[in-house]
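> The sequence and its predicted three-dimensional model are supplied below.
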Amino acid sequence: MLVHPTSRGLDPARLEPGRDLVLDIDPAHGLDLPDGVLADDHLDQEARARIAAGGLPAMARCRERLDAPLTVDGLCLPWLWEMRIERAIVTMLGQAAALERALARWEPEQLVLVGADARIRRSAAAAADRTGVCVSERPAATSDAPVPARRSAIELRRRALRASRELGVPSRLRRGSIVFDSYWPLMALLDRMLEEPGRRPAVMLTRLPSGPRRSVRTALRGGWVGTPGPADRRRAARAADAALAAAGRAEPAPLEAFGLELGAAAHAETLAVVRAHAAGTLAMAATLRRAFGGARPASVVSAWDGEPVARLTISLAQEAGIRTLVLGHGAFLLPQTLVDMDVCDEPLLWSEAVAPPITNRSRPIHVVGYPEPRATPPPTKAAPRKRPPRVLVLAQPSLGGVGLTSPRIAMRQYEVAVAAVLDAVPRAHVVLRPHPSGGPATERALAARFAQKRFEIDASSSILDALAASDLCIGTITTATLQAALVGTPAIALNLMGFEWRWPLGADTTVPVARDGAQLRAWLERWAAGEALPGREDMLAALGADIAGDPVERMLAILGSPPQR
């Protein structure tokens, strides 16, 4: 049996179950890859749930041995990078379990690893040890070098900025500034601060706000946190090398999962993540400590504190006695293992309904509402009568490395949604909306499957503009589904994942939820016949959009008040 790292670059029609096994899938191959070729095809939903739940305890076992040697100058590198470590361990657990089940089903005499990396070797070794199958390797077939893509002006600017950062930029902060670790929910707050004289928002050059003009205005007003220079990088590399050498002498903790001994593999995954990021983390830590110890900012505002760079920034601001606040970066609707917003001094929630399952409740926790002020949301639109309806279909991210659902989900979601629309509302104009975490390749592959119909792929307009221009949204487990209510667009949630979502896209919600194509067609037919779809109030309540007052003014008042203890 040939084991391929991914289906990317392969012709799915030439792969055969029992002869070929693919560990990762190109999302565009979600329908074309034969059943049984993808390793995940051999896992049921119960196994996926066990894999997703197994990452955190496996990481904890590894950290028992590695936290001490990998703590440098007060910074525990495995703690800072635990989100990536857990994802790597979950991926490894999934590969090992899927390989073991595929071997049991097909009973090959030999596994041939094609172009394998270290993780695949470890997973294959664990599965083969149990079954007695021989393992060998061969290099992946070479292909012609791809033609370099033409770079846009935006991409060229980004590349130039990245190159300048490598040289190092000293920090320049004004005393009393508010440092923004930028992400889209913070832009309304940042813009309001830029409108009001006397306020001092500042930027981090490693995470600039959207738009060069906004970035420049913010830097001129409050300054910036710079980037490490060559000397910082050299010192950090020496410290990282010494810590990793000490960690390399630690014995892996035993770990049994799915009947496989995976302790050494989980240990290696943890070390691999830290090795990839240790030097850069320590260099950035030196930059942050200088910035926070100089012209002391009043606060640091971020959109997360679980993501590694944000966690570093938040924890070093706290070390310097600087107030830290985190505004949620979206609606938390999936099961959580690692909890975001548990580290900062003060979380700012859209609502409790879409908040992460915060465990640190001994702090001030502010409910501020949806972070962008808008006019009162309009009533839900009715289906148009005199023109073809415009139906927006949101992409379902494949949630790679999370282990909760099949990696085929992105293409399956699209196919079920589009087929139902074309069946129930044949005149509809279908608009596909790629998820920000991926490109439009999946959408193009889907449009090719329905070549006789007209499709539009909208990857550039703002999500609220895309929703406002649509008559109906077929949504999924993303914040964008809830945002449809802000512009009066009715939404149907399509849940093909095999488990129940959180309210308001599951449980006792009034939002229409379809769990297969037949249920989706039924809702579409009711809408096309003139029935008003329910769910508006639940979606607005979940976002906190029904909270009276201006959420930005509420956040400004919190920033302007003394920290609560």
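Here it is on my side, so go on. Numbers count the residues shown, from 1 in each chain.

> Give me the neighbour count for the closest residue in space to A53 that isn't next to it in sequence.
Spatial nearest neighbour of A53, chain neighbours left out: T337 (6.9 Å); criterion: C-beta to C-beta, 6 or more residues apart in numbering. Where you see a C-beta, it was placed from the backbone N, CA and C, and this is true even at glycine. T337: 17 surrounding residues under other C-beta atoms under 10 Å.

> can you pull the contacts of T337?
By C-beta atoms under 8 Å, 6 or more residues apart in numbering, the residues touching T337 are 52-53, 55-56, 86.

> From the residues you listed, list just the buried residues.
52, 55, 86 (16 or more other C-beta atoms under 10 Å).

> Quick check: which helices or strands does the helix or strand harbouring L467 pack against?
Following DSSP states H and E, one finds L467 within helix 463-468. Other helices and strands packing on helix 463-468, by 3 or more C-beta pairs under 8 Å, 6 or more residues apart in numbering; DSSP states H and E, are strand 429-433, helix 479-483.

> winner for burial among these?
Across the helices and strands packed on helix 463-468, averaging neighbours per residue (mean count of other C-beta atoms under 10 Å) puts helix 479-483 on top, at a mean of 24.

> on contacts alone, who are the packing partners of it?
Here helix 479-483 is seen to pack against helix 463-468, strand 472-475, strand 491-494, helix 536-543 when contacts are counted using 3+ C-beta pairs under 8 Å, 6+ apart.

> Put together a markdown table for those, with mean neighbour count on each row.
Formatted as a markdown table, the helices and strands packed on helix 479-483 follow (neighbours: other C-beta atoms under 10 Å):
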| stretch | mean neighbour count |
| --- | --- |
| helix 463-468 | 19 |
| strand 472-475 | 28 |
| strand 491-494 | 28 |
| helix 536-543 | 22 |
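
> quick one: buried residues of stretch 54-68?
Residues of stretch 54-68 classed as buried by neighbour count (16+ other C-beta under 10 Å): 54-55, 58-59, 61-63, 65-67.

> Which of these sits closest to A548?
Here the nearest of the buried residues of stretch 54-68 to A548, counting by C-beta to C-beta, is G55; it sits at 40.8 Å.

> May I have the phi/psi pair for that closest one?
Recorded main-chain torsions at G55 are phi -70, psi -40, according to degrees, to the nearest 10.

> for the stretch 151-300 of the chain, what spans make up the helices?
Secondary structure of the stretch 151-300 of the chain by DSSP state H, counting those that start in this stretch: the helices cover 153-167, 187-195, 212-222, 230-247, 263-293.

> least trustworthy helix or strand in the protein by mean pLDDT?
Least confident helix or strand, the chain: helix 153-167 with a mean of 63, by mean pLDDT, DSSP states H and E.

> Domain map for this protein?
With domains defined by automatic domain parsing, the chain comprises 2-138, 153-234+260-374+549-560, 390-543.

> doesn't H277 make contact with W81?
Yes - using C-beta atoms under 8 Å, W81 makes contact with H277 at a distance of 5.8 Å.

> out of those two, which sits in the busier spot?
When W81 and H277 are compared for neighbours, W81 comes out ahead with 24 against 18, by other C-beta under 10 Å.

> on that earlier part again, as CSV, the domains of the chain with distance to D241 would be great.
Listed next are those as CSV, based on distance: least, C-beta to C-beta, whole Å:
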stretch, distance to D241
domain 2-138, 11
domain 153-234+260-374+549-560, 8
domain 390-543, 28
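
> circling back: can you check which of the helices and strands packed on helix 463-468 gets nearest to A250?
Comparing the helices and strands packed on helix 463-468 by C-beta to C-beta, helix 479-483 comes nearest, at 40.4 Å.

> Can you name the residues in contact with the closest one?
330-331, 354, 394, 433, 463-464, 467, 473, 475, 491, 493, 504-505, 539, 542-543.

> Report the mean per-residue pLDDT for that helix.
Helix 479-483 carries an average pLDDT of 96.

> Give me the distance from that helix to the chain's centre.
Computed by C-alpha atoms, centre = their mean, to the nearest Å, the separation of helix 479-483 from the middle of its chain amounts to 15 Å.

> send the alpha carbons of that helix over as CSV?
Output in CSV follows, covering the C-alpha atoms of helix 479-483 (Å, rounded to 0.1, in the frame of the first residue of the first chain):
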residue,chain,number,x,y,z
THR,A,479,-19.6,33.9,12.8
ALA,A,480,-20.7,35.0,9.3
THR,A,481,-23.9,32.9,9.6
LEU,A,482,-24.9,34.9,12.6
GLN,A,483,-23.9,38.2,11.0
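
> any shared contact partners between W81 and H277?
Common neighbours of W81 and H277 (criterion: C-beta under 8 Å, 6+ apart): P308.

> in the stretch 401-550 of the chain, which spans are helices?
Under DSSP H, counting those that start in this stretch, the stretch 401-550 of the chain gives helices at 409-424, 441-449, 463-468, 479-483, 517-528, 536-543.

> Of these, which is nearest E372?
Nearest of the helices of the stretch 401-550 of the chain (C-beta to C-beta): helix 463-468, 8.2 Å.
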